[in-house]
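Quick one, what's the 3D model for this:
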Amino acid sequence: MDRKNNLKNEMEETKMTQEQYILAAQPNPLHQRGASVCGAQVYPAVGIYGWRKRCLYFFILLLLVTMIVNLALTIWILKVMNFTPDGMGNLRVTKEGVRLEGVSEFLLPLYVKEIQSRRDSPLILQSDRNVTVNARNEQGQLTGQLTVGNEGVVFSHSVETSHVRAEPFQDLKLESPTRTLTLEAPRGVEVSAGVGDFTASCRKDLLLQSSEGEIFLDASTIRLGNIPLGSAVDPLEGAPAGTTYTKQTVYELCACANGKLYLSPAEKGSTCQTTSNFCLWS
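Modelled structure (predicted):
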């Protein structure tokens, strides 16, 4: 009886040893169904351990920090740029168009149909060099230009305005260096200098013309400089043509048919008729 029991135990131990050997000889322990130790099934442990586990935790922590920094930067940009449902910063999008509030800077060309300021504030255009406004037709050709620079305001074509004035305590100068400067209005042109002097100078001709009315000069003193002195022919003495009155101190102002002015010696009567030859010579 004892021999049978011993033989049975030896067979069981031999069987367990064979099973453990078979399990140990398999290449992938994860697919093993399990080994029996002392009558219980034993399965190998599954997971990430050691340096792999530490690297995984490090990458998860790094990703979390990156997300937090990205979210913080996004919130900061939204706050600094003043993003709202209506626009961004000084820019507001309304039903009437785009509205800018405060100081704005444009680095590239701006194409708009109309620019207006608020009723209670002025519109200021500022540049480090100059401000240029161009007007073009449908073909892209330049039809008008306004340039504000160091030499003042330059217009390439005609300008229509109701009032032109300078800043307080500054001189107002209208100049056309290479062309003709014309002031024209259907009812009249008024040029006034409340405190200083009014000066009109040109290189060739200065034309004051009134189509229907008159040219009225009203001042306490009117001076006309560099007016030529006319000459006359005395019909009684037969003085030669071109005789001038050098000792005369008082003169009469005469006008030719073409509007040219000259001086004639003043006497009891008008002497413009006797010196009218000046109009033919001039």
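
And the helices in the protein, which stretches?
2-25, 51-80, 277-281 (DSSP state H).

tell me, which of those is the model least confident about?
Within the helices of the chain, confidence is poorest for helix 2-25, with a mean of 61 (mean pLDDT).

End to end on stretch 263-273, go ahead and measure it.
Its start and end residues considered, stretch 263-273 measures 12 Å (C-alpha to C-alpha, to the nearest Å).

Any regions of the protein where pLDDT drops low?
Counting by pLDDT under 70, the chain shows low-confidence ranges at 1-47, 231-248, 281-282.

Could you list the domains of it?
2-83, 223-282 (automatic domain parsing).

Residue 171 contacts residue 198, correct?
No. Using C-beta atoms under 8 Å, residue 171 is not in contact with residue 198, being 10.9 Å away. All C-beta spots, glycine's among them, are computed from the backbone N, C-alpha and C.

Mind listing the residues bridging to the closest residue to residue 271 other than its chain neighbours?
Excluding the flanking residues, the one nearest residue 271 by C-beta to C-beta, 6 or more residues apart in numbering is residue 264, at 4.5 Å. Counting by DSSP bridges, residue 264 forms beta bridges with residue 252.

List the residues that contact residue 264.
230, 232, 251-254, 270-272, 274-275 (C-beta atoms under 8 Å, 6 or more residues apart in numbering).

Of the residues you listed, just the buried ones, PyMOL syntax please.
Of the contacts of residue 264, the buried ones go into a single PyMOL selection, burial set by 16 or more other C-beta atoms under 10 Å:
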select buried, resi 230+232+251+252+254+271+272+274+275
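
For the contacts of residue 264, give me JSON lines that also has distance to residue 119.
JSON lines is the format used below for these (distance: C-beta to C-beta, whole Å):
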{"residue": "230", "distance to residue 119": "62"}
{"residue": "232", "distance to residue 119": "69"}
{"residue": "251", "distance to residue 119": "60"}
{"residue": "252", "distance to residue 119": "60"}
{"residue": "253", "distance to residue 119": "55"}
{"residue": "254", "distance to residue 119": "58"}
{"residue": "270", "distance to residue 119": "63"}
{"residue": "271", "distance to residue 119": "65"}
{"residue": "272", "distance to residue 119": "61"}
{"residue": "274", "distance to residue 119": "68"}
{"residue": "275", "distance to residue 119": "64"}
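
what residues does stretch 140-148 touch?
By C-beta under 8 Å, 6+ apart, stretch 140-148 touches 125, 130-137, 153-157.

Inside strands: which ones of these?
131-136, 153-155 (DSSP state E).

so which pair among those is furthest apart in space?
136 and 153 (19.7 Å; C-beta to C-beta).

Tell me the spacing between residue 254 and residue 264.
5 Å (C-beta to C-beta, to the nearest Å).

overlap in contacts of those two?
What both residue 254 and residue 264 touch, as defined by C-beta under 8 Å, 6+ apart, is the set 230, 272, 275.

Which single one of those residues is nearest to residue 96?
residue 272 (68.7 Å).

Nearest residue to the closest one in space, ignoring adjacent ones along the chain?
residue 254 (3.8 Å).

Wait, the one you found touches residue 262, no?
Yes. Using C-beta under 8 Å, residue 254 is in contact with residue 262, at 5.6 Å.

Overlap in contacts, these two.
In contact with both residue 254 and residue 262: 230, 275, 278, using C-beta under 8 Å, 6+ apart.

Among those, which one sits closest to residue 179?
For the shared contacts of residue 254 and residue 262, the residue nearest residue 179 by C-beta to C-beta is residue 278; the value is 32.6 Å.

Pull the contacting residues for the closest one.
Counting by C-beta under 8 Å, 6+ apart, residue 278 has contacts 228, 230-231, 254, 256, 262.

Tell me where the longest strand sits in the protein.
Per DSSP E, the chain has its longest strand at strand 142-149.

Now do it against strand 131-136, angle only.
Orientation note: strand 142-149 sits at an angle of 180 degrees relative to strand 131-136 (axes from the mean of the first three to the mean of the last three C-alpha atoms, to 10 degrees).

how about strand 142-149 as CSV, C-alpha atoms only?
The C-alpha coordinates for strand 142-149 follow below in CSV (Å, rounded to 0.1, in the frame of the first residue of the first chain):
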residue,chain,number,x,y,z
LEU,A,142,-4.1,109.2,-61.9
THR,A,143,-6.7,112.0,-62.0
GLY,A,144,-5.9,113.9,-58.8
GLN,A,145,-3.3,113.9,-56.1
LEU,A,146,-2.9,115.6,-52.7
THR,A,147,0.5,115.5,-51.0
VAL,A,148,1.2,117.0,-47.6
GLY,A,149,5.0,117.2,-46.9
